[in-house]
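> this one's structure only:
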């Protein structure tokens, strides 16, 4: 295929929608980006307006095409990547969402998870779906909507409602929506985050749907991560353009980082922090608090699995420092502020805003800033904020090493926070292996672009991804081992201070 054509990736993230156009070498040609509202009705509740998100997606596609001075005829295919687990339910007869999208960070479904766990505990269904019962995943969110939105259950049982993670919502609208015969599909990576798909068969599990009271008629059809699902319709900017790739954001980054061999891993630093390790064609079930997930499936090829360590709060902690405490005006300002001191001054920040994810899975935890003395200033707090991401990543990496039995030799990194040199230096010191950033750090959008491009023959396959990948910078560990372990020991102590905060008489 002519290299004068390009691939457009739609990256529907947690705080913004982006459209990025890539050339055949995997380099960025143009970008469009637009933030959307974070709706916080109560403590622990996080929502998005699906209509606002779709409007943002349309806007950023137009921005990217305009910035690249091109039109749809130069776009060979469209790939979609998305914030995973965020749940939207819409009416098939009106095309309107029946409730705001419930975001992956939302914790309102804890009681539902506890009821489902019963006496068997959070791992009750892990052998089927690869996941513990947690507020993180889509299934309990769907149940909450059906249980709490008037007439929702009746409509669902009558086949009038559709569920999707955000990939399905964007695809349905992109391919025509209500009036244009929108395609109701998801891919295996997103389906593996719902608690409703059998992780071995890659099919919706009747027993899981029954346990959660979710009619199977609501669910999208499960497809591979790289095939033509449909063509642009409603959005005239992409009319007749094939939509040919879908990957959940962390799986997309894994694909974009060319982690195609068993044992290869990447860590993405975004709103949260997510490390995935390729485990090959068979699922590996963690004994150390990690998730079993589908990494990708290219067309008819066998699926590839991954172990995942999910950290709820990373970049969003910097945003919290900016927006809630007003300590900085822009996110990049945190680095010079943190560099204004040489240590954390004894302060540790455990950002358990939505409980603790991997490897603890403690929904009863809440954030804590500990070790404070009058010596601690803004610089120490800024440094503690950055260090929190590195400590959490080390915990996940050690869990992965234990589950896989093969210690990582280097850590590939990507995402917005990798621009923070201080964080990357400290990360290498904490994990004790080199940290490597690629030339194209936008690997999430790039992975979705590759999946779409492979489906239409723009790229031959995984070898093209490997050939395009290039190292931009590497950080080697330099910290004294004794100091490294002292800091981490104190971090582990700080984490224990967040446990058991939420109980029946705590009002949030």
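Cool, the structure landed. Because the structure is a prediction, the values reported are computed rather than measured.
> any idea how far the spatially most distant residue from the centre of the chain is from residue 207?
The centre of the chain is farthest from one residue, residue 374, which by CA atoms, centre = their mean lies 37.7 Å away. If you measure residue 374 against residue 207 using CB to CB, to the nearest Å, the figure is 57 Å. Any C-beta I mention is one placed from the backbone N, CA and C, and that applies to glycine too.
> that older thread, how about the residue farthest from the centre of the chain, secondary structure?
Secondary structure state of residue 374, per DSSP: H, G, I helix; E, B strand; the rest coil, is coil.
> pLDDT score assigned to it?
Confidence at residue 374, expressed as pLDDT, is 96.
> And for residue 464?
pLDDT, residue 464: 93.
> what does residue 504 give?
Listed pLDDT for residue 504 reads 60.
> now residue 44
What the model reports as pLDDT for residue 44 is 85.
> Tell me how far it lies from residue 166.
Counting by CB to CB, the separation of residue 44 from residue 166 is 20 Å.
> More neighbours: these two, which one.
Ranked by neighbour count (other CB atoms under 10 Å), residue 44 and residue 166 place residue 166 first, with 31 against 20.
> Can you give me the distance of the residue farthest from the centre of the chain to residue 502?
As defined by CB to CB, residue 374 lies at a distance of 30 Å from residue 502.
> remind me which residues of the stretch 151-300 of the chain are low pLDDT?
234-236 (pLDDT under 70).
> Show me the helices in it, by range?
Taking DSSP state H, counting those that start in this stretch to define them, one finds helices in the stretch 151-300 of the chain at 152-157, 166-174, 188-191, 206-212, 249-256.
> Ok, which of those comes nearest residue 224?
helix 188-191 (6.5 Å; CB to CB).
> got the contact list for that closest one?
Judged by CB atoms under 8 Å, 6 or more residues apart in numbering, the contacts made with helix 188-191 from elsewhere in the structure are 82, 84, 165, 167-168, 197, 202, 204, 220, 222-225, 246-248, 251, 293-297, 303.
> where does residue 460 sit relative to residue 214, distance-wise?
Residue 460 sits at a distance of 40 Å from residue 214 (criterion: CB to CB).
> Which one of these two is surrounded by more residues?
The neighbour count for residue 460 versus residue 214, taken as other CB under 10 Å, is higher for residue 214 (25 against 11).
> re earlier: which one of the helices of the stretch 151-300 of the chain is the most hemmed in?
Each of those was scored by mean neighbour count; the highest is helix 249-256, a mean of 32, by mean count of other CB atoms under 10 Å.
> Check the offset of that helix from the chain's centre.
Relative to its chain's centre, helix 249-256 lies at 9 Å (CA atoms, centre = their mean, to the nearest Å).
> how far off helix 166-174 does that helix point, in degrees?
Here helix 249-256 runs at an angle of 90 degrees relative to helix 166-174 (axes from the mean of the first three to the mean of the last three CA atoms, to 10 degrees).
> Residues contacting stretch 196-213, please?
Stretch 196-213 is contacted from outside by 116, 125, 128-130, 138-140, 142-143, 146-147, 153, 188, 191-192, 195, 214-216, 219, 222, 283, 292-294, 297, 303, 305, using CB under 8 Å, 6+ apart.
> so where does residue 453 fall, helix or strand?
helix 443-455 (DSSP states H and E).
> Report all helices and strands that that helix contacts.
Contacting helix 443-455 under the criterion 3 or more CB pairs under 8 Å, 6 or more residues apart in numbering; DSSP states H and E are the following elements: strand 6-12, strand 16-22, strand 75-82, strand 226-231, strand 242-248, helix 249-256, strand 265-269, helix 462-468.
> Just give the nearest non-adjacent residue to residue 60, would you?
Across the structure, with CB to CB, 6 or more residues apart in numbering as the measure, the residue nearest residue 60 apart from its sequence neighbours is residue 32 (3.5 Å).
> What's the local residue count around the one you found?
Here the neighbour count serves as a burial measure; for residue 32 (other CB under 10 Å) it reads 23.
> count of residues packed around residue 230?
Burial of residue 230 is recorded as 19 neighbouring residues (other CB under 10 Å).
> Tell me which stretches of the stretch 101-250 of the chain form strands.
Defined through DSSP state E, counting those that start in this stretch, the strands belonging to the stretch 101-250 of the chain, from first to last, are 101-102, 161-165, 185-187, 221-223, 226-231, 242-248.
> highest average neighbour count across the ones you listed?
It is strand 242-248: most buried of the strands of the stretch 101-250 of the chain by mean count of other CB under 10 Å, with a mean of 30.
> What helix or strand is residue 58 located in?
Applying DSSP H and E as the criterion places residue 58 in helix 50-67.
> Please give me every residue in contact with residue 146.
89, 152, 153, 156, 213, 214.
> Residue 222 bridge partners, please.
In this structure, residue 222 bridges to residue 186 when assessed by DSSP bridges.
> one step back: farthest-apart pair in the contacts of residue 146, please.
Distances among the contacts of residue 146 were taken as CB to CB; the most separated pair is 89 and 213, at 13.3 Å.
> before we move on, back to that, for the residue nearest to residue 60, give me phi and psi.
Phi and psi for residue 32, reported as degrees, to the nearest 10, are phi -130, psi 140.
> shouldn't it be in contact with residue 67?
Yes: shown here, residue 32 and residue 67 form a contact pair, counting by CB atoms under 8 Å, at 6.7 Å.
> Would you mind measuring from residue 203 to residue 222?
Residue 203 is 7 Å from residue 222, by CB to CB.
> Residue 303 contacts residue 292, doesn't it?
No: Residue 303 sits out of contact with residue 292 when judged by CB under 8 Å, with a separation of 11.9 Å.
> and the gap between the closest residue to residue 124 other than its chain neighbours and residue 125?
Taking CB to CB, 6+ apart, and ignoring the residues beside it in sequence, residue 124 has residue 117 as its nearest neighbour in space, at 5.6 Å. Distance of residue 117 to residue 125, computed by CB to CB: 9 Å.
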